[in-house]
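K.L.:
Just a sequence and a predicted model for now, questions to come.
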Amino acid sequence: MPEPTHALAEQFDDLEQQRQASTIGMWVFLATEVIFFGALITGYTEYRASYYQAWAAASKHLSVVFGAIMTILLLSSSFTMAMAVHFARLGGRKRLALCLLLTILLGAVFVGMKFMEWHDHYQRHEVPGMGFEFPGPNAREAQLFFSFYFAMTGFHALHMIVGIGILAVLTGLALLGRLAPPRHVPVDIAGLYWHFVDIVWIFLFPLLYLVDLHHK
Amino acid sequence: MWNFPLFPQQASTSARSTDALFFFLLGVMLFFAVLIFVLVFIFAIKYRRRDTSYVPPVIVQLVSLEAAWIAIPFGLVIVIFAWGTLLYFEHRSPPPGAIEMYVVGKQWMWKTQHPEGQREINTLHVPVGRPVKLIMTSEDVIHSFFVPAFRVKQDVLPGRYTSLWFQATAAGEYHLFCSQYCGTDHAQMIGTVVAMEDADYQRWLGGGAAEGTMASAGERLFNRLGCATCHLESGQGRGPALGGIYGRGIGLANGRVATADEDYLRESILNPGAKIVGGYPNVMPTYQGQVTEEQLMQLMAYIKSVKP
Amino acid sequence: MSSKTVEPVSETPVNYLNASFGLRSWLLTIDHKRIALLYLVTITLFFFVGGVFALLIRLELLTPRGDLFTAETYNKLFTMHGLIMIFFFLIPAVPAVLGNFLVPLMIGARDLAFPRINLLSYYIYAVGGTFTMYSVVAGGVDTGWTFYTPYSSTYSNTHVTAMVIGIFITGFSSILTGLNFIVTIHKMRAPGLTWFRLPLFLWSIYATSIIMILGTPSVAMALALVAMERLLHIGIFDPRLGGDPLLFQHLFWFYSHPAVYIMILPGMGIVSEIVPCFSRKRIFGYSFVAFSSLAIAVLGFLVWGHHMFVAGQSIYAGIIFSALSFLVAIPSAVKVFNWTATLYKGSVSFATPMLYALGFIGLFTIGGLTGLVLATLGLDIHVHDTYFVIAHFHYIMVGGMVMAYLGGIHFWWPKITGRLYPDSWGRLAAAIIFIGFNLTFFPQFIVGYLGMPRRYHVYPPEFQVLNVFSTAGASILGVGYLLPLLYLFWSLKYGAKSPANPWDATGLEWMAPSPPPTQNFPVTPLVAWEAYEYEKREVPVA
């Protein structure tokens, strides 16, 4: 059996050790990511508490419908990703590639919509530091809201793009048959990452789009 | 040349209490430092390698010893913590009736103003034996007001007020430093605090300020900016009456209660829509950019002086 | 140790140094030992660049008038001294050099869990360093290493953005290194090597790695926001635009205080290896020393607010941060007591590594105790941002971490290079460094309590004499640091060949040949013994 030994990097003793190491590695990395976004959310929380009304007004400039559609897209992509992990374990080459492609597609549409949204903001002069305009007395605080909006969605989109890149490579490998068990672990790891990026959005969506929903 | 100080002058009430704790802590530090140094020295010399065939005994651990050197330092730091915290409260609680002076920091100078109206730059005259409270803000970056002889220090931030207080105990001239790095000439943002006997201080004040007291300057500003047209004393105007408002709890339009301290008053002048007083419309324009920090402080002094 | 007769070696066995040749075999290596050496070279470079800045600072402070440099130049000097020393020397030094070299060897593994990520993190470090050096060469940065807003985000006209990007990038190197260590220590230990048989160096590296992965992202985000603010003129930290400058301080210190423990914990780990070896005794209270590392890592995350006692945070926040800061003192004290107790009834030799370790214990004790003054709310008001703080943290970082780092380099040098260095020169250098260090930094405690603020390039004349002492000490310290550079270099060519275990130390790394082969161990070792079983070892002939 040349295949399994080839799948084993030389620093490891066996495949199980390798799989566990990779999985723990990704979890540790995700812990890092939690703090990374956590720092942003900390700042967000402080200013939202200080400038609640201004932020509620600014939040109304975001389209809840648009955000909701994006949320559904992303949740669906998590489902297809989970299916990809499932088929990777079973060794279904074509079904694995299909699920990965679907995930990429859903993720790409999400990122595309995000870019459309940003473009709209740009046209409405809602980009901080680039001729920002906001009606009413709270332009300063609204600019802060949009600063956080762009920082949070920007870093999130960056993570999405990285994720799409990883999945694209995996799709290629899957089609070449190089992700057949026991070499399917990269799909597991990429799945963890993808789900994490989804969860971040699950936090961002209410934080940014639904600030003042209950007053509508 | 060898006539240089090793310990700072004690020139305020808090200098004495600070040094008392410092000397206690110095004792603790010396005790432990000497203990460790002596033990390491003795062990290293006494048990230096003489006989290479000597095999040291196996001593894995002694839980009682470990417990002791966890518990004893723990007890000690609790004492230090408690003492230090009490001292901190003392530092942070100006006695009632303290003279309120105002300080504005900017790159790279200190601008001070006395309630009687005198303005100074990089100098602050204070009376001995009377508590003085400084209300401070910055026009640009973060600075820090530091008088070593008084053992007081407080960062001075843009966009909000911070304060400190002291009571000088000896007449003299003392260093005033900016201790928070603030840019190129940070090291030149220094000055002098001149503590004078009360009689001398009164004489110094007697020189008088052309523009009158801070409160009267604030009142003129209040009228010139048109504040008086809405904030009628009767309370019948479009804005709330300001008499006796300082330090009181204010019922806000959103149902919360805010204390009308310096920061609240400041925000209400610069960003009036942020915390509207209940029952009044949100119609006041912002004065952001129209008043300087010093003028804000004069307005503040005036508002504090208005009787209900 | 040099009296062991070296048998005439007919042929040098294949080891990681001579396994392959050429620049490519080094720059693209995935061998943890070679990567450690890449780090060693780069870090040494940064250390001496930062050291030159330090000497220039001390030279300026020789006189109170500020006659050597302009204020602007001086501000850039201390900023770049701080940034380079902290982000490019102190934080990576022990983990990336000694940690990289030793973690797999100490656990009986062939390499780290992710060798390619290890190489990647070296290159990330190099790219971050390049940005930083660009910023230095292009004119420097004058914000102080703390980048306090709104000065850094709005007012400074220097190359802050490039510097901030450099630090941001370097942060990922730190994260990936920490990640690699955590996974490796969890999953790659040789059979029989249970957690409580691990050398204490690994416990401290593990604790350090936790801080690296959980702290670094916070400062990365804070600095990213500063860069955004500078590029777009938005006011996340600028009060004129509604921002809060204290938010930056919170995000910054949430990393930068634990970062102190990134610097000192590995140093403590080194001392925990050296002291038993040169006392020929088991470490006293193994589990207490091990858990104190974790306690420091955990508590270290909860004390960042003690940098902000006079910054304008609430009184109650101050009280909580003060109480927690005192708690960190306990595990640190536990370590010092245990090292001291290890000497008791030992067979103490004074080889070079041991001198550094003993120096570490003394200087760390002073640094730690003076930290109590800073944790005390009422006292911090007076000494905050004065030279007292400078003296305190240099006792921890230079007196502690650099002493331990040099001790570690001298301890494992025979393993790393296969060569022995002249021990008498080593002891001389250790003594010079100890004396120079104390002369440099002890007067700063006094001048700090007198009230001399930090980051002043002109100062009142009554502080001069103490500053002269300090500068004199710094020049001695400079000589002390140059000496090891010279004789260690010398030993590479002329030093006697080292046996596998020149100190007769315990630990798996000493079972591999010196220098080890690329694979470390031909057969994965089976560990059936506790750490530091020195009673079962013969004493090396002195």
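P.N.:
That came through, no problem. Numbering: from 1, shown residues only, chains lettered A, B, ... in the order given.
K.L.:
Tally up the residues packed near C:Pro422, please.
P.N.:
17 (other Cβ atoms under 10 Å in any protein chain shown). Quick note: C-beta positions are derived from backbone N, CA and C, even for glycine.
K.L.:
Surely it touches C:Tyr487?
P.N.:
Yes - between C:Pro422 and C:Tyr487 there is a contact under Cβ atoms under 8 Å: 5.9 Å.
K.L.:
tell me which strands and helices the helix or strand where B:Leu21 lies is in contact with?
P.N.:
B:Leu21 is part of helix B:13-46 when elements are defined by DSSP states H and E. Here helix B:13-46 touches helix B:63-92, strand B:162-167, helix C:315-343, helix C:352-375, helix C:377-383, going by 3 or more Cβ pairs under 8 Å, 6 or more residues apart in numbering or on different chains; DSSP states H and E.
K.L.:
Which positions in the first one come out as buried?
P.N.:
By neighbour count with 16 or more other Cβ atoms under 10 Å in any protein chain shown, helix B:63-92 contains the buried residues B:66, B:69-70, B:73, B:76-77, B:80-81, B:83-85, B:87-88, B:91-92.
K.L.:
which of the residues you listed lies closest to chain A?
P.N.:
Closest approach to chain A among those (Cβ to the nearest Cβ): B:Arg92, at 22.7 Å.
K.L.:
OK, contacts around that closest one?
P.N.:
C:Ile315 (Cβ atoms under 8 Å, 6 or more residues apart in numbering or on different chains).
K.L.:
Against B:Cys178, how distant is it?
P.N.:
Taking Cβ to Cβ, to the nearest Å as the measure, B:Arg92 falls 21 Å from B:Cys178.
K.L.:
Pull up the residues of the stretch 51-200 of chain C that are close to chain B.
P.N.:
For the stretch 51-200 of chain C, the residues in contact with chain B (Cβ under 8 Å from any Cβ of the partner chain) are C:66, C:71-72, C:75, C:142-144, C:146, C:148, C:150-151, C:154-156.
K.L.:
one more time with 6 Å
P.N.:
Residues of the stretch 51-200 of chain C lying close to chain B (Cβ under 6 Å from any Cβ of the partner chain) are C:71-72, C:144, C:148, C:150-151, C:155.
K.L.:
Among these, name the ones in helices.
P.N.:
Counted as lying in helices by DSSP state H, out of those, are C:71-72.
K.L.:
since we're on B:Ser14, how many residues are nearby?
P.N.:
23.
K.L.:
Now do the same contact list for it.
P.N.:
B:Ser14 is in contact with B:Arg151, counting by Cβ atoms under 6 Å, 6 or more residues apart in numbering or on different chains.
K.L.:
do the same with the one 3 residues further on
P.N.:
B:Ser17 is in contact with B:Leu87, counting by Cβ under 6 Å, 6+ apart.
K.L.:
10 Å instead, please
P.N.:
With contact taken as Cβ atoms under 10 Å, 6 or more residues apart in numbering or on different chains, B:Ser17 is in contact with B:83, B:86-87, B:90-91, B:151, C:378.
K.L.:
List the buried residues of the helix holding B:Leu21.
P.N.:
Those would be B:13-15, B:17-19, B:21-22, B:25, B:28-29, B:32-33, B:36, B:39-40, B:43-44, for helix B:13-46 by 16+ other Cβ under 10 Å.
K.L.:
Same check on stretch B:235-242?
P.N.:
B:239-240, B:242.
K.L.:
Just the ones of those in strands?
P.N.:
Using DSSP state E, no member of those falls within strands.
K.L.:
Strands of the stretch 101-250 of chain B, start to end?
P.N.:
B:109-113, B:119-121, B:123-127, B:131-138, B:143-147, B:152-156, B:162-167, B:172-178, B:191-196, B:249-251 (DSSP state E, counting those that start in this stretch).
K.L.:
Tell me which of these sits most buried.
P.N.:
Neighbour counts (mean count of other Cβ atoms under 10 Å in any protein chain shown) averaged over each of the strands of the stretch 101-250 of chain B peak at strand B:143-147, with a mean of 28.
K.L.:
Help me confirm that C:Arg240 comes into contact with B:Asp140.
P.N.:
Yes - with contact defined as Cβ atoms under 10 Å, C:Arg240 reaches B:Asp140; the gap is 9.0 Å.
K.L.:
more crowded one of these two?
P.N.:
B:Asp140 (18 against 15).
K.L.:
Please look at the more buried one and C:Pro150 and confirm they touch.
P.N.:
Yes - the pair B:Asp140 and C:Pro150 passes the contact test of Cβ under 10 Å, sitting 7.5 Å apart.
K.L.:
Now for these two: what residues contact both?
P.N.:
With Cβ under 10 Å, 6+ apart, B:Asp140 and C:Pro150 have common neighbours B:158, C:239-240.
K.L.:
Relative to C:Ser314, which of those is nearest.
P.N.:
C:Pro239 (17.6 Å; Cβ to Cβ).
K.L.:
so where is chain A shaky, pLDDT-wise?
P.N.:
For chain A, the stretches with pLDDT under 70 are A:1-6, A:214-216.
K.L.:
what comes up buried for stretch B:251-259?
P.N.:
By 16+ other Cβ under 10 Å, the buried positions in stretch B:251-259 come out as B:Ala258.
K.L.:
measure it end to end?
P.N.:
9 Å (Cα to Cα, to the nearest Å).
K.L.:
from the chain's centre, how far out does it sit?
P.N.:
Taking Cα atoms, centre = their mean, to the nearest Å, one finds stretch B:251-259 lying 28 Å from the centre of the chain it belongs to.
K.L.:
That one vs chain A: in contact?
P.N.:
Yes - Stretch B:251-259 reaches chain A (Cβ under 10 Å from any Cβ of the partner chain) through B:Asn254.
K.L.:
and the closest residue to chain C within chain A, what does it touch?
P.N.:
Here the residue of chain A nearest chain C is A:Gly129; by Cβ to the nearest Cβ that distance is 2.9 Å. Listed by Cβ under 10 Å, 6+ apart, the contact partners of A:Gly129 are A:143, A:146-147, A:150, C:228-229, C:231-235.
K.L.:
is chain A contacted by stretch C:318-332?
P.N.:
No - judged by Cβ under 10 Å from any Cβ, stretch C:318-332 makes no contact with chain A; its nearest approach is 16.3 Å.
K.L.:
Let's check: the centremost residue of chain B is which one?
P.N.:
Centroid-nearest residue in chain B: B:Leu164, 2.8 Å away (criterion: Cα atoms, centre = their mean).
K.L.:
now the closest residue to that one other than its chain neighbours: how far from C:Val160?
P.N.:
Using Cβ to Cβ, 6 or more residues apart in numbering or on different chains and skipping residues adjacent in sequence, the residue nearest B:Leu164 is B:Gln154, 4.1 Å away. Separation of B:Gln154 from C:Val160 (Cβ to Cβ) stands at 26 Å.
K.L.:
what are the ranges of the helices in chain A?
P.N.:
Under DSSP H, chain A gives helices at A:2-6, A:15-50, A:52-59, A:64-90, A:93-123, A:139-175, A:185-209.
K.L.:
Thank you, goodbye.
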